[in-house]
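Undergrad: give me a 3D structure for the following:
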Amino acid sequence: MAKRKSDREQPNLGSPQTRLPDVSRGWQTAIENTTKRFEREYRQEKFELPAEVETISIFDEWQAGTLQNRIASKFWELKLPQKKQTWLDIGCGLSFLIYPWYEWNAFFSGQEVSTVARDILMSRGPQLNSKLFRGVKLGAGHLLAYENGQFDGAIATGWSCYYPLDYWERVIDEVKRVLKPNGSFIFDVIDPESPLAEDWAILETYLGTEVLLTPLSEWRSLVRQAGGKIVKSSPGELFQILQVSF
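TA: Numbering: from 1, shown residues only. Coordinates of the predicted model:
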């Protein structure tokens with residue numbers, strides 16, 4: 001996908017819609033489905049699932065609320081945010097309330113598709129640490145509502161598997177734009193060879209989102225094509241974490 005010269009040269013970006021208004025129908029459907037699925041989770045709504053879902057190997061862990069702790073990617077193990085650095089968490093969820101940003105003493109900004117998660121963070125984030133919390137913008141990962149060269153690092157964990165590679169080509173292009181020179185991008189991708197992958201994909205389908213089991217080799221190729229280099233990687237039970245520099 002060709003990069004747009006205007007995206008690189010504007011010092012003040014303004015509204016994201018003025019930069020990249022085109023969103024394919026497939027992308028929009030994925031964004032809407034992912035938003036609905038996580039809005040329900042943040043509201044702690046009960047999912048009505050058919051009886052056959054209970055036969056999935058990870059169902060009991062999901063129902064007990066322990067599955068997420070098992071599969072969550074510990075991005076800081078690849079690169080720890082440093083004191084006074086500025087970091088952007090894309091698809092942040094409730095990250096600032098969960099991870100120890102106050103211990104890292106790094107400045108946190110977020111972008112999130114869920115209004116529920118955004119509102120919770122905007123309410124509680126300043127109460128937790130008004131110095132480090134820099135706010136959360138509402139929007140999808142392919143249109144980052146931040147200026148060029150603003151961040152030392154960017155994070156995107158737990159959601160790459162819901163979107164095709166051509167969408168992620170746009171995401172990476174946006175991340176490159178908002179990173180400072182020598183900044184780091186840390187994101188995770190599902191490992192299709194993981195014993196959990198197929199059952200997790202089935203479970204997520206019942207929860208309202210389609211999971212794409214994209215081969216790891218294709219993710220590596222995407223990074224190379226975007227001018228990036230995988231500096232470090234770390235395998236998990238379901239996701240593999242990648243640290244990329246550009």
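Undergrad: how near is the residue of the chain most remote from its centre to Glu237?
TA: Here the chain reaches farthest from its C-alpha mean at Ala51, the gap being 30.7 Å by CA atoms, centre = their mean. Separation of Ala51 from Glu237 (CB to CB, to the nearest Å): 26 Å. Every residue, glycine included, has its C-beta placed from N, CA and C.
Undergrad: run me through the strand neighbours of the top strand by length along the chain, direction for each.
TA: Taking DSSP state E as the criterion, the chain has its longest strand at strand 179-190. Strand 179-190 pairs in its sheet with strand 151-156 (parallel), strand 239-245 (antiparallel), by DSSP bridges.
Undergrad: list the buried ones in the helix or strand hosting Ile230?
TA: Using DSSP states H and E, Ile230 maps to strand 229-235. For strand 229-235, a neighbour-count test (16 or more other CB atoms under 10 Å) marks Ser234 as buried.
Undergrad: dump that strand to CSV, restricted to CA.
TA: Below are the C-alpha coordinates for strand 229-235, written out as CSV (Å, rounded to 0.1, in the frame of the first residue of the first chain):
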residue,chain,number,x,y,z
LYS,A,229,13.7,-4.6,11.8
ILE,A,230,12.6,-7.1,14.5
VAL,A,231,15.1,-6.4,17.3
LYS,A,232,13.7,-8.9,19.8
SER,A,233,10.9,-11.4,20.0
SER,A,234,9.4,-13.5,22.8
PRO,A,235,7.1,-16.4,22.4
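Undergrad: now for it, which elements pack on it?
TA: Contacts defined by 3 or more CB pairs under 8 Å, 6 or more residues apart in numbering; DSSP states H and E place strand 229-235 against helix 216-225, strand 239-245.
Undergrad: can you list the residues that contact the shortest one?
TA: Translated: strand 239-245. 71, 73-75, 77-79, 157-158, 182-191, 216, 219, 223, 228-234 (CB atoms under 8 Å, 6 or more residues apart in numbering).
Undergrad: quick one: low-confidence ranges for this structure?
TA: 1-23 (pLDDT under 70).
Undergrad: list the contacts of the most centrally placed residue in it.
TA: Central residue of the chain (CA atoms, centre = their mean): Ala156, 3.0 Å from the mean position. Going by CB under 8 Å, 6+ apart, Ala156 touches 89-91, 141, 171, 175, 185-188.
Undergrad: let's go with 7 Å and repeat that
TA: Residues near Ala156 by CB atoms under 7 Å, 6 or more residues apart in numbering: 90-91, 141, 187.
Undergrad: thinking Leu213 is in contact with Asp199, fair?
TA: No: counting by CB atoms under 7 Å, Leu213 stays clear of Asp199, with 11.7 Å between them.
Undergrad: which one of the two has more residues nearby?
TA: Between Leu213 and Asp199, Asp199 has the larger neighbour count (other CB atoms under 10 Å), namely 17 against 14.
Undergrad: how about the contacts made by the more buried one?
TA: 56-58.
Undergrad: now which of the residues you listed would you call buried?
TA: If we count by 16+ other CB under 10 Å, the contacts of Asp199 have these buried: 56, 58.
Undergrad: export the contacts of Asp199 to CSV and tack on distance to Leu132 and secondary structure?
TA: What follows is these, written out as CSV (distance: CB to CB, whole Å; DSSP: H, G, I helix; E, B strand; the rest coil):
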residue, distance to Leu132, secondary structure
Ile56, 39, coil
Ser57, 39, coil
Ile58, 34, coil
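Undergrad: nearest to Ser114 among the contacts of Asp199?
TA: Among the contacts of Asp199, Ile58 lies closest to Ser114 (CB to CB), at 23.2 Å.
Undergrad: where along the protein do the helices fall?
TA: 5-9, 25-42, 59-64, 67-71, 95-98, 101-104, 115-129, 165-178, 197-207, 216-225 (DSSP state H).
Undergrad: and among those helices, the most buried is which?
TA: Neighbour counts (mean count of other CB atoms under 10 Å) averaged over each of those peak at helix 165-178, with a mean of 21.
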